[in-house]
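>>> sharing a sequence plus its predicted fold:
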Amino acid sequence: MAEESIPPQAKKLLPVPLEAQTSIIQERQTLTNLKGAGFKGFIPATFGTTASLPFRSMSDLYLRQTASVVRNSRNTPDQYERSILKKFTSPSYPHGKPLAETIDGGKKVRLMLPFCYQEHCLSCHGALKGARNKTGHPKEGGKLGEIDGAISVRLYVQ
Ligand code: HEC
């Protein structure tokens, strides 16, 4: 996107998640560079949540991840998110398609981007359901390609 077409507010906010992600990676660099250590406790969802927090506190933008069954209660879906997560898994909904809509009489926009399990997610979220994974959480019994959760965004229309 040409720089002049980015709205001033977005220009101010765009570096925030990028800087947060860079500093999280830098803080853990020594650990992640360790060879042969196996699992290093670097969890994708925790990375996402930690990176989104400064962004949320600097703006009135709501950005988080959620799922219908959550490991961390902080990710519990609100009523709107719960209904969209249900829609994402309905056979009549196009698999993996993001959904954006204006709600509350045009005052808010809500956007949800579904997550599908990929091969590398299954060591923590796959079979056997209920067995403890390397993070100590019980596995969900997820299958390749299955919709598990979503990134959820809410913004106010001026
Ligand atoms: C190393 C193990 C591991 C891997 C690999 C992993 N996750 Fe997770 N996932 C976790 C843990 C632990 C949490 C809970 C994090 C927290 O406390 O916020 C979590 C949380 C989540 C959440 C938020 C909802 C909740 O349960 O609290 C979603 C959605 C999710 N994972 C999807 C995925 C997807 C999709 C992939 C692959 C692209 C993936 N995960 C890969 C361990 C993992």
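Ah, there it is. Numbers count the residues shown, from 1 in each chain.

>>> contact partners of the least confident helix or strand in the chain by mean pLDDT?
Taking mean pLDDT, DSSP states H and E as the measure, the chain has helix 8-13 as its least confident helix or strand, at a mean of 82. With contacts defined as C-beta atoms under 8 Å, 6 or more residues apart in numbering, helix 8-13 is touched by E3, F55, M58, S59, L61. Placement of C-beta: from N, CA and C, glycine included.

>>> so which of those residues are in strands?
Among the contacts of helix 8-13, DSSP state E puts none in strands.

>>> who in the chain is up against the ligand?
Contact residues (C-beta under 6 Å from any ligand atom) of the chain with the ligand: 43-46, 49, 65, 67, 70-72, 75, 115, 117-118, 120-121, 123-125, 135, 137, 148-149.

>>> just the buried ones among those residues, please.
By neighbour count, with 16 or more other C-beta atoms under 10 Å, those hold 43, 45, 49, 65, 67, 75, 115, 117, 121, 124-125, 148-149 as buried.

>>> so how do I select the buried members of the contacts of helix 8-13 in ChimeraX?
A single ChimeraX command is used to select the members of those judged buried by 16+ other C-beta under 10 Å:
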select :55
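
>>> show me how far the helix ranked longest in the chain is from its chain's centre.
Identified as the longest helix of the chain according to DSSP state H is helix 15-33. Helix 15-33 has its C-alpha centroid displaced from the chain centroid by 17 Å (C-alpha atoms, centre = their mean, to the nearest Å).

>>> summarise which helices and strands it is packed against.
Packing partners of helix 15-33 (3 or more C-beta pairs under 8 Å, 6 or more residues apart in numbering; DSSP states H and E): helix 44-58.

>>> following element in sequence after the helix it packs on, please.
Counting by DSSP states H and E, the next helix or strand C-terminal to helix 44-58 is strand 62-67.

>>> just put the contacts of helix 8-13 in CSV and tack on distance to G96.
Formatted as CSV, those follow (distance: C-beta to C-beta, whole Å):
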residue, distance to G96
E3, 31
F55, 24
M58, 30
S59, 27
L61, 23
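
>>> which one of the contacts of helix 8-13 is nearest R28?
Checking those against R28 with C-beta to C-beta, the nearest one is F55 at 19.2 Å.
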